[in-house]
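[1] Quick one: sequence and predicted model below, then my questions.
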Amino acid sequence: ASAALLCATIVALHRTSPRTAISAHGMLHSALLGRIAADPTQLPPENPFFAGEPVLYYWVFHALGAAASAATGLDPLRSFELCILAGVLALFAGSAWLARSLYGRAAAAPWIALLVLAGAKPFAAVVVGWR
């Protein structure tokens, strides 16, 4: 239920304000996805800002987005959203497994996921809530 609520929140935010799907550097992500989609054999992909240079940035997420885009026909931003939603589901499944193994029940799973997302800092939840 917590994973579904977070996924629904992400989708609602992206549908209400498409800018949130792009974020501050979404064009860079889309360009990296486009480079990987154009030539999946060239990994790491070429840096969109420096022709001929490999990107010095994580690129596996972009390769997953390119695979999702090829499999579903979605545009890059929706492909990334699909990867993010799958990541949320995996996070909560892993949190439920960890909660069961540590405490014998999955009730602590949302709190474990919150610690993963917000960190174990004392005011992280307040900062995330404020943002």
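    In hand now; what should we look at?

[2] mind listing what the most centrally placed residue in the chain touches?
    In the chain, the residue lying closest to the centroid (CA atoms, centre = their mean) is residue 84, at 3.2 Å. Neighbouring residues of residue 84 by CB atoms under 8 Å, 6 or more residues apart in numbering: residue 10. From N, CA and C alone the C-beta is placed, and that goes for glycine too.

[3] I'd like the average pLDDT over the helix or strand encompassing it.
    Following DSSP states H and E, one finds residue 84 within helix 76-103. Average pLDDT, helix 76-103: 94.

[4] quick one on the thing from earlier: how much space separates the residue nearest to the centre of the chain from residue 53?
    Going from residue 84 to residue 53 by CB to CB, to the nearest Å gives 28 Å.

[5] and the closest residue to residue 56 other than its chain neighbours, how many residues sit next to it?
    With sequence-adjacent residues excluded and distances taken as CB to CB, 6 or more residues apart in numbering, residue 56 is closest to residue 47, at 7.3 Å. Using other CB atoms under 10 Å, residue 47 is surrounded by 18 other residues.

[6] In contact with residue 47, which residues?
    By CB under 8 Å, 6+ apart, the contact list for residue 47 reads 53-57.

[7] Which other helices and strands does the host helix or strand of residue 69 contact?
    Using DSSP H and E, residue 69 sits in helix 60-72. Packing partners of helix 60-72 (3 or more CB pairs under 8 Å, 6 or more residues apart in numbering; DSSP states H and E): helix 26-38, helix 76-103.

[8] where does this protein have low pLDDT?
    Scanning the chain for pLDDT under 70 picks out the ranges 24, 120, 122, 124-125.

[9] residue furthest from the geometric center of it?
    What lies farthest from the middle of the chain is residue 104; by CA atoms, centre = their mean that is 28.9 Å.

[10] Give me the phi and psi for it.
    phi 80, psi 0 (degrees, to the nearest 10).

[11] And it, how close does it get to residue 94?
    Residue 104 is 17 Å from residue 94, by CB to CB.

[12] Can you give me the buried ones in stretch 82-98?
    Within stretch 82-98, the residues scored as buried using 16 or more other CB atoms under 10 Å are 82-85, 88, 91-92, 95-96, 98.
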